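Q: generate a structure from the sequence data that follows.
(3 chains)
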Amino acid sequence: MDIDLITNILFATFKTGTPLILIALGEMVCEKSGVLNLGQEGMLLVGAVVGFIAASVTGNYFLATFCAIFAGMGMAFLFGYLSITLASNQVATGLALTIFGGGLSAFLGTNYIGIGLEGIQVWSVPLLSDIPVIGKVLFQHDPLVYLTLALFALVFWVFRSTRLGLKIRAVGENPEAANAIGINVQQIRFMAVLFGGAMTGLAGAYLSLVYTPMWSDGMSAGRGWIALSLVVFASWKAERILLGAYLFGFASILHLVLQGTRFEVPPNIMAMLPYVATIIVLVWLSSDAIKTKMSAPKSIGQPYRPLA
Amino acid sequence: MPAQESTIRLHLSGIRKEYPGCLANDDIELLVNAGETHALLGENGAGKSTLMKIIYGVIKPDAGKIVWQGDAIQMNGPAHARQLGIGMVFQHFSLFETLTVAENIALSLPAEESRNMEALSKRIREISAHYGMALDPDRHVHTLSVGAQQRVEIVRCLLQDIKLLILDEPTSVLTPQEVRELFRTLKKLAAEGCSILFISHKLDEVTELCNAATVLRNGRGTGRCNPQDVSSEDLARMMVGEDTPLNQNYQKAEGGETALSLNNLSFTPEDPFGVTLNNLNLKVKAGEILGIAGVAGNGQDELCALLSGEEITRADSIELLGQNIGAMSPDQRRRLGFAFVPEERLGRGAVPNMSLVENTLLSSSHRDLKANGWINYRKVREFSRDIIEKYNVKCANEYAQAKSLSGGNLQKFIIGREIEQQPKLLVCSHPTWGVDIGAAILIRHALIQLRDEGAAIIVVSEDIDELYQISDRIGAICDGQLSPVKPTHEVGIETLGQWMAGQFGHDSANPSTVESAHA
Amino acid sequence: MLKLEKRQADSRLMSYVSPLIAIVLTLFGGALLFSVLGHDPLHALYTFFIAPLTNTYGWTELGIKVAPLLLCAMGLTLCYRAKIWNIGAEGQFIMGALGGSMAALQFLDAESRWVLVPILLAGTISGLLWAALAAWLKTRFNANEILTTIMLNYIALNALLYAVHGPLRDPAGFNFPESAMFADAALLPLFSDDYRLNISILFALFFTVVIWTVMARSWVGYQIQVLGEDAKAARYAGFNTNRLTWFALLVCGALAGLAGVAEVSGPIGQLIPQVSPGYGYAAIIVVFLGRMQPFGILLASMLLALTFMGGEMVQIEMSLPKSLTGLFQGMLLFFLLAADLLISYRIVFQPRTARA
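A: Down below sits the predicted model:
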């Protein structure tokens, strides 16, 4: 393997990992507050299609990215209203969000299939991007890659050293107790869900404006679900999400690695890789089931409505 | 600061709170003076907890007036209550196990006071030392004993300028010795002018600690008095009403053949928060009730699960009527004459959303209620009707959802279901926890009767009074180890308290190693 | 002021009324959507929900779509009653179609109807094995079944695509990603030569009755329900959780596999990439909408089958996108979950002046 190939692989790993980081970070915040949002795939698709439409119509990628974020939050609001305000079953509501998002995005995107966009342009960091190999791998990306790293730092900091982080954890561990000491459980949970929606909407924009600047039905290809597994894999720790997402990114571009060799694997078989990898990770987690159980937020998946 | 007897700190009047199907508080009046230690007395379900939560702002009353230090106020939630100087120690602690002591306390303080965590830790150390409650701010709460967790709750209240401290059944989770330490702290607080509202149903504690009392029954106030002037008898009457028998005395029994023996039973749970059981040996005789006392979380859950077959272990470490059952499934054990009433009646002993008929089937699978994999629902229904009638279970009909029953009625149903299997060994965990006095008496009667019919019974409970009342022999469990077991009349409350704290005698662990074993 | 108040016991009445409320709200939502799109809402709703059923042909087409939905939904009912969140009916359906096709392609010259037996068995067993993977991952490794079954769906879809692009592609098919057409003998018998409706609807009705009897009367059915309602109680009672998990998932996989093979050896007659329009996912909605009760599931599968037909109808008649189907299905499930609140809560009117 030559150095160019390695550079390309690392560069592509960064790009494939980015949407997973965004979704998984958002979902982690949600789950820390005790809400399991299985609707990531639906929010992702709606974010992607809305971002794409906005970019096609206005040509303004900045605006389009915001539209995608708001679309994700809109979907998250639906989920939050049902599962938090009305205390519906979180699993069923999340599935509903996925099914609804699939339908809604296909419907909205009907007239946009097959259109190509230029996509958000690379934003090279001056000087640093000229360093050989490292420059290309780390500093010749689009702005969203850098934004993602900044958001990671934000989430990491919130849980490490802020009162807000403490409150989110408290609500996720024991909502009754949190309510009893005067924390507004519903409000914290709703904010966490909206944050998750915004992150996933942003990830959608990344898919349809950067990664593959076009729209096709179901283009998220299960990334929302993979990100959900990633949160478990990371034992609800932001830094491990970062690591896990890049590992997954690497696994899903293995065909690049195989390019240099004589192996010829049909593309549909290659496409199974990320899903197989996810299952392997889930199995591997079971070897340390107790640790997973200990780090999981205690009240996850349980609706809570305070007594009046 | 001396106690100011004359000033009124809190005055509630006309408090009313209604839940669907239950009038929890009805026209209640409560008056607490400054520096007063005021008891709120009542049986389970009398409305004490509801009233406390109203004072602390967790729930809002439907009607009524709250006057705090002379001003009529609307309580807008716990944060508001704390701002006024009201603190509360909950019965089921409102702590977050995965956070540290300091983090737990920080969450209940205003944001500006909790910014500097080091300063906060220092204050926690100072305050806890001042009131004689050792506490390490950096420990994670799940590593603390129950008594220490209660101290976290109390210190949390004391960090503010506290004027009224509410404690909901604080002694129910403590050993008798720990109770005395708690009382010393409370007396010191009261002497400094803090009012204390002490919720309990234990009369001797109230007499020892309190200088005023309000009694509730069925959601209504039945009187205010000074427990120092009134006899325990009269207080009890105010709690339970005229026509309920107060106290039952049961004949103690000797027992016969050994029905169950534990032979060096050891167990390491998968759950990292669980308790490891260490070399338990025990013999239970047919025709006796053996009581096991202990503070929650000392291995009772693990022991019960091992007895019931929910956890399995080496076959010969549990022997029922000469058979090694340690590795058998719950179903197999039931066929041999085992029955079990778990602590959680809703969500283990009964399925909340299922009808009583369906719940009848839960533990009676070995009876003649099904054939070839098909259920005979006619027979199941008859059986459930028998239980409902015989054990006086109040419910709409046998198709009522288990969750629609009151705690007492559901417990009667479960006890009935298990006793009607005619077991040779019945294990009962907290049989009367949280049930009204009528149901408690019926349940104890049923247990005594089963004993007199020759069954062996193990009762695991935190309620020491109850254990003294119904057990023929008594012992205690602490940190996964069993104390000696002796006839009840030979074990004084002092001794039992020592056993509950892990002091079993000369050759056993001393309490300090027990405490550190929790870490 | 309107306020929600917890009921003492769940309202049985509301659990049946709630799907009706959801349907009405979905119709309102649909009407609103159609008007926004600039269509007469009543006409559009008529085209979507009623026009497909105005003749016998429409009803037989409905039957073709009800069969796979019903089969998948009954299997899922078993799982969901046990709170085993199997989302994998879609993948099990696809594997059934794939396995059945592999068998059918061995019998391209068959004349005897008996070849249907190995074909149907191959499909059913393929679905069952695919579900067995999920059961094994859950019972042996305690892997979350929602995530594993979703992943298995994607893998199954890629396996299908691989098959039709590679080993199973019709050599005489001009490079289209499709298998050869099956032999006539390998197709399920029709009720009448005028319509496409085949006997798979009888399989579906038969298994609906079987599954229902198992749930209502059998010991294993009771155990499954206890496990789903309250896992601690199931443990207390001593039920074998792993065995129940295997049972529910295998039955569901077999039924979904049967639905899959019945599709390729039924209305389609060959293996194509779009063998499922999303039956496995729609069946999830059927289960919730049908209250996990047999009659409810039958009605709900008819409604969901209708949404597939309605989508096609508005595409042909009004040139609206076919994807309206997914949108209607999603709305239906959302409104249902919201309306389900009324089962355990009631809405009370509380005057603001209650405080004395």
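Q: do the particular helix or strand that has C:Phe295 in it and chain A meet?
A: Counting by DSSP states H and E, the element that carries C:Phe295 is helix C:294-318. No. Counting by Cβ under 8 Å from any Cβ of the partner chain, chain A has no neighbours in helix C:294-318; the shortest distance is 9.7 Å. Every C-beta, even on glycine, is put in place using the N, C-alpha and C of the backbone.
Q: just list what that helix packs against, helices and strands only.
A: With contacts taken as 3 or more Cβ pairs under 8 Å, 6 or more residues apart in numbering or on different chains; DSSP states H and E, helix C:294-318 sits against helix C:12-36, helix C:56-81, helix C:200-217, helix C:279-289, helix C:324-339.
Q: how about a cut-off of 7 Å?
A: Where contact means 3 or more Cβ pairs under 7 Å, 6 or more residues apart in numbering or on different chains; DSSP states H and E, helix C:294-318 is packed against helix C:56-81, helix C:200-217, helix C:279-289, helix C:324-339.
Q: tabulate those (a markdown table), appending mean pLDDT.
A: As requested, those are exported to a markdown table (pLDDT from 0 to 100):
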| stretch | mean pLDDT |
| --- | --- |
| helix C:56-81 | 96 |
| helix C:200-217 | 95 |
| helix C:279-289 | 93 |
| helix C:324-339 | 90 |
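Q: follow-up on the earlier one: hmm, who's touching the helix holding C:Phe295?
A: C:39, C:44, C:47-49, C:51-52, C:61-62, C:65-66, C:69-70, C:73-74, C:77, C:208, C:212, C:277, C:282, C:285-287, C:289-290, C:320-322, C:324-325, C:328-329 (Cβ atoms under 7 Å, 6 or more residues apart in numbering or on different chains).
Q: near chain C, which residues of chain B are found?
A: B:14, B:20-21, B:62-64, B:309-310, B:329-331, B:342, B:347-354, B:361-363, B:365, B:370, B:373-375, B:400-401, B:404 (Cβ under 7 Å from any Cβ of the partner chain).
Q: how about a cut-off of 6 Å?
A: Residues of chain B that fall close to chain C, judged by Cβ under 6 Å from any Cβ of the partner chain: B:20-21, B:63, B:310, B:329-331, B:347-348, B:351, B:353, B:362-363, B:370, B:373-375, B:401, B:404.
Q: any chance of a PyMOL selection covering the buried ones in the residues you listed?
A: A single PyMOL command selects the buried members of these (16 or more other Cβ atoms under 10 Å in any protein chain shown):
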select buried, chain B and resi 310+329+330+331+347+348+351+353+362+363+370+375+401+404
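Q: now, which of the residues of chain B next to chain C lie within strands?
A: B:63, B:370, B:374-375 (DSSP state E).
Q: how about the longest helix seen in chain A: buried residues?
A: Ranked by residue count under DSSP state H, the longest helix found in chain A is helix A:3-32. Residues of helix A:3-32 classed as buried under the neighbour-count rule (16+ other Cβ under 10 Å) are A:7-32.
Q: equivalent analysis for stretch B:373-386, please.
A: Buried residues in stretch B:373-386 (16+ other Cβ under 10 Å): B:375, B:377, B:379-381, B:383-384.
Q: not counting sequence-adjacent ones, nearest residue to B:Asp138?
A: Nearest non-adjacent residue to B:Asp138, counting by Cβ to Cβ, 6 or more residues apart in numbering or on different chains: B:Thr100, 5.6 Å away.
Q: mind listing the residues bridging to that neighbour?
A: As for beta bridges, B:Thr100 partners with B:His140 under DSSP bridges.
Q: write out the residues of chain B neighbouring chain A.
A: B:58-59, B:77-79, B:94, B:96, B:98, B:103, B:107-108, B:111, B:272.
Q: these two touch, right, A:Ala245 and A:Pro19?
A: No. In this structure, A:Ala245 is not within contact of A:Pro19 by Cβ atoms under 6 Å, at 8.5 Å.
Q: ok, back up a step: make JSON lines from the helices and strands packed on helix C:294-318 and add mean neighbour count and distance to C:Ser192 to it.
A: JSON lines is the format used below for the helices and strands packed on helix C:294-318 (neighbours: other Cβ atoms under 10 Å in any protein chain shown; distance: least, Cβ to Cβ, whole Å):
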{"stretch": "helix C:56-81", "mean neighbour count": "25", "distance to C:Ser192": "8"}
{"stretch": "helix C:200-217", "mean neighbour count": "18", "distance to C:Ser192": "13"}
{"stretch": "helix C:279-289", "mean neighbour count": "27", "distance to C:Ser192": "24"}
{"stretch": "helix C:324-339", "mean neighbour count": "25", "distance to C:Ser192": "27"}
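Q: what's the residue in the stretch 201-350 of chain B positioned nearest to chain A sitting at in phi/psi?
A: Taking Cβ to the nearest Cβ as the measure, the stretch 201-350 of chain B has B:Pro272 as its residue closest to chain A, at 5.8 Å. The phi and psi torsions at B:Pro272 (degrees, to the nearest 10) take the values phi -60, psi -20.
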